[in-house]
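> Turn this into a model:
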Amino acid sequence: MKILMAILMFFVLGALLVISNNGLTLAENENLGEFSDLYVKWIDKVFNNVKGITGNVVKLDWGTS
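A predicted model of the protein is given here:
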């Protein structure tokens with residue numbers, strides 16, 4: 001349950017970050033469409049960054065020397 005709450009908080013804080021960095025007012029319909037586009041792009045960036053980090057971690061030599 002705690003992991004689910006942490007993930008939910010991460011996405012909510014991400015949405016607030018997108019809103020504040022782009023000066024969006026969600027009361028206007030045009031801004032809702034722009035927000036959804038920007039938020040999906042933000043999630044895509046996060047996913048690609050996590051994928052890249054995971055790929056680099058897997059490539060590391062974890063054997064003891």
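> lowest-confidence helix or strand of the protein?
Lowest on mean pLDDT, DSSP states H and E among the helices and strands of the chain sits helix 29-59, with a mean of 93.
> other SSEs contacting that one?
Taking 3 or more Cβ pairs under 8 Å, 6 or more residues apart in numbering; DSSP states H and E as contact, the helices and strands that helix 29-59 lies on are helix 2-22. Placement of C-beta: from N, CA and C, glycine included.
> got the end-to-end distance for stretch 16-30?
In stretch 16-30, first residue to last residue: 17 Å (Cα to Cα, to the nearest Å).
> hang on, the earlier thing: could you list the buried residues of the least confident helix or strand of the chain?
For helix 29-59, the neighbour count (16 or more other Cβ atoms under 10 Å) marks 31, 35, 38-39, 42 as buried.
> need those residues in JSON lines with distance to Gly63, can you?
Listed next are the buried residues of helix 29-59 as JSON lines, based on distance: Cβ to Cβ, whole Å:
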{"residue": "Asn31", "distance to Gly63": "52"}
{"residue": "Phe35", "distance to Gly63": "47"}
{"residue": "Leu38", "distance to Gly63": "43"}
{"residue": "Tyr39", "distance to Gly63": "41"}
{"residue": "Trp42", "distance to Gly63": "37"}
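> Quickly name whichever of those is closest to Leu8.
Tyr39 (14.5 Å; Cβ to Cβ).
> Run a quick neighbour tally on the residue nearest to that closest one when sequence neighbours are not counted.
Using Cβ to Cβ, 6 or more residues apart in numbering and skipping the chain neighbours, the partner closest in space to Tyr39 is Val18 (5.2 Å). When neighbours are counted by other Cβ atoms under 10 Å, Val18 registers 20.
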